[in-house]
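K.L.:
Give me a model of this one.
(2 chains)
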Amino acid sequence: MSNSAVMANSVRPATAARTRRSFRRPWMLPYLLITPNLLLFSAFSFFPLLYAFYISFHDWSLIGDVTYAGLANYRRLVADTQFWHALLNTAVYALASVPTTMAGGLLLAVALNRRMPGRVFLRSVYFLPVVVSAVATGIIAAWMFNEHYGVINSLIVRLGGDRIPWLSSPAWALPSLVLATFWVRVGFCMVVYLAALQSIPTLYYEAATMDGASPSRQFWKITLPLLRPATFLLLILNVIHSFQVFDLIYVMTGGGPGFSTTMLVQYIYQSAFMTSEMGYASAIGVVLYVIVLGFTIIQWRVSRQSENVL
Amino acid sequence: MTNVNGTGTAFSRRHILGAGLALSVASGRAVRAQAPVSLNFAVWGNRAEEDAFRRLIAGYTAQNPHVSIRLELSGSSGQLYQQVDTRLAGRQAPDLVRIQYQQVGRYAKAGAIVDLSGHLDGGLAAQFAPALWKAVTYRDKAFAIPHHTDTLAVYCNMEMFRRAGIELPRRLEDSWRWEEFIRIARTLKDKAGAPFGFACAWQNTAAYRFLPFLYQNGGQLLDEQLLQPRLSSKEGLEAIAWAQSWFTDKLVPPTTSIKTNEQTQNLFANGTIGMLVHGDWQIPFLQEAMKQAEWQVTYMPRSVSMASDLGGNCLAVTRDSKNRDVAIDFLRYATNEANMRDFCIAAGFLPVRRSLMDTKLEYPLRPDAMQVFVEQSRTIPDHLAATVTLPDFSRINTKLGEQLDLAFTSGQSPKDTAENIEGTIRSVLKG
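P.N.:
Presented below is the predicted three-dimensional model:
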């Protein structure tokens, strides 16, 4: 018997005994299982979050030395009209894009939940922008909305209308982004709603039909209430997505014209990489974190209460 | 074996040991000198530039077989700076970087690139164009070596020009006045079927390309000492108002303001605009994209004086380089006369060595167009070069872009635009 084999044999019983002891303490197993995830989360999410918080109290150009700045970045933020402008833009964008995208996703899910030819193909078509890189979809959207050679204006002109300055007018730029977001996100909402629709037992509908409830009444009284958990989930995810939107806007408008489409993350990016003010960018990041965290907590509580009621 | 003082064995051993030690040190040095060295070289550029860089690397590694250089290609200068800055923060920056002259001060001030002054020959500075050597110095020390320059001129769609019956100026001195340029843009729109007269390539982070128009009108962004803003002067306000009128009079596509990602060269190639204010590096693209249509290049318009943009790039070594001596040796090789000439010819740039600046280079692609850029490069004002190479110019440039964009797309008055930009300039210069 070789040395390694001897060693392996002597080690195996000890390891097995340790494992058995671990399993005898059931409270340890979950911690063991989540340890890899916790380590990765700490390294790539938690530590950067804490570090961003630390940097927000400093001046740092990313390539130079870090110098302590106290609350200067936060004081500057309060007085910065561009920050408030970006925050307002983000809120308007979220208010406009979240309900429309969710309503569109619900309509598509209801339509594609029925037996119809090409159902799988259509589901894939609507879901495709979700799996494609946001930069690629942004470039395609920018082409579609291009004032001079975009397909949307070509259609409008063919139908006898005037060209719309989708991306070059401060009045139209944000609506263009909302439309593009609808195209990109509607597939995601559709898939979540589809999964939720398919989990509703059919006997509810059979009973309602026997009681004489019309399809629209069934939708409002059975489908919609039972979709409430999925709706809350989508609401949270879409609002967070709206507050974190960057790539689509970076590619389509670059935050312009003027400040009409400058969102919070766009402003963070600009402060961090264009004017090399990492401390100030981190301060805005911390504010964004607090906003998203607050919204998540509120929605989570509301969601739990709703589930308890149901 | 014994010697005369009877210490034969000891002497002999000492000698043998000493000789062995000396040999081992010498051989160690030789081993170190020839030990494999690998460098990373971060650049951005089009296909022609990439090919030229690869040839440069191949030439150097053929002479120095123990050195390998990996070319890291970014899509644009902006992307490269983001990557390099992030990697500098993580102490993992590439050894060598290609940077614009406008960025040297920022990197040098932060100590992110290596002070080359102790590594270069004393007479090297005198071999380069003074304005460009000044652009690579920070506090009288060289932090990079100029590699090439480029500038702006006006690309013209000759089919449209013939339809409108317009001829191009033949000499720099005959370049169009502002009024003439606007009249031609209108004519191209009204008579030659161009949806828009022209466009300027100042999108994204290139707001500083507004400055040639400011200098053409006798204005300056800063005073002579570069200590105070001077944009609110009569000349400055006129220049902003003039550029604003391009948009209000619909002479340029509304999508070609500053905060957009519009690719103006595409608009020229597909006939949306009749003229394009852009740099010489677009020649390979337009030659490829406009095979069916004829285009020419003419000089920048002028008002009270002629001016164009300081473009081009230099090469630097980052503080994270573990093989600085080899990296600096590569910089010297890349910027020697023969290699600078080859690079400029292959990639369509203008040389920055005095010995090459007065030589007519044999550009294989559109030498006629390159000649216009060569002539135009002599109109770059020294004051403009000094302004855009200030260490904190990137912050001024961002504000310049934001505020000009507001003037062009949202009707902000030239006075408010200038004052807002000046506010940022004051705070940047104070800091």
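K.L.:
Tally up the residues packed near residue B:386, please.
P.N.:
Residue B:386 has 16 neighbouring residues, counting by other Cβ atoms under 10 Å in any protein chain shown. Placement of C-beta: from N, CA and C, glycine included.
K.L.:
quick one: it from chain A, how far?
P.N.:
Counting by Cβ to the nearest Cβ, to the nearest Å, the gap between residue B:386 and chain A amounts to 21 Å.
K.L.:
list the contacts for that residue?
P.N.:
Contact partners of residue B:386, counting by Cβ atoms under 8 Å, 6 or more residues apart in numbering or on different chains, are B:131, B:134, B:226.
K.L.:
rerun that using 10 Å as the cut-off
P.N.:
Residues counted as contacts of residue B:386 (Cβ atoms under 10 Å, 6 or more residues apart in numbering or on different chains) are B:131, B:134-135, B:222, B:224, B:226, B:310.
K.L.:
Mind giving me the PyMOL select for those, buried ones only?
P.N.:
Restricted to buried positions by 16 or more other Cβ atoms under 10 Å in any protein chain shown, the PyMOL selection for those reads:
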select buried, chain B and resi 131+134+135+222+310
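K.L.:
The contacts of residue B:386 in helices, which ones?
P.N.:
With helices taken from DSSP state H, the overlap with the contacts of residue B:386 comprises B:131, B:134-135.
K.L.:
what residues are up against residue B:131?
P.N.:
For residue B:131, the contacting residues are B:101, B:146, B:149, B:310, B:352, B:380-386, B:389, by Cβ under 10 Å, 6+ apart.
K.L.:
What subset of those residues is buried?
P.N.:
Here, 16+ other Cβ under 10 Å leaves B:101, B:146, B:149, B:310, B:352, B:380-381, B:383-386, B:389 buried among these.
K.L.:
what's the closest of the residues you listed to chain A?
P.N.:
Taking Cβ to the nearest Cβ as the measure, chain A lies nearest residue B:389 of these, at 16.0 Å.
K.L.:
from memory the closest one sits against residue B:100, does it?
P.N.:
Yes. Under the criterion of Cβ atoms under 10 Å, residue B:389 makes contact with residue B:100 at 9.2 Å.
K.L.:
between these two, what contacts are shared?
P.N.:
B:135, B:310.
K.L.:
hmm, back to that, could you export the contacts of residue B:131 as JSON lines, including secondary structure and pLDDT?
P.N.:
As requested, the contacts of residue B:131 are exported to JSON lines (DSSP: H, G, I helix; E, B strand; the rest coil; pLDDT from 0 to 100):
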{"residue": "B:101", "secondary structure": "helix", "pLDDT": "93"}
{"residue": "B:146", "secondary structure": "strand", "pLDDT": "97"}
{"residue": "B:149", "secondary structure": "strand", "pLDDT": "94"}
{"residue": "B:310", "secondary structure": "coil", "pLDDT": "90"}
{"residue": "B:352", "secondary structure": "coil", "pLDDT": "95"}
{"residue": "B:380", "secondary structure": "coil", "pLDDT": "92"}
{"residue": "B:381", "secondary structure": "coil", "pLDDT": "92"}
{"residue": "B:382", "secondary structure": "helix", "pLDDT": "90"}
{"residue": "B:383", "secondary structure": "helix", "pLDDT": "93"}
{"residue": "B:384", "secondary structure": "helix", "pLDDT": "94"}
{"residue": "B:385", "secondary structure": "helix", "pLDDT": "90"}
{"residue": "B:386", "secondary structure": "helix", "pLDDT": "90"}
{"residue": "B:389", "secondary structure": "coil", "pLDDT": "88"}
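K.L.:
Good, wrapping up.
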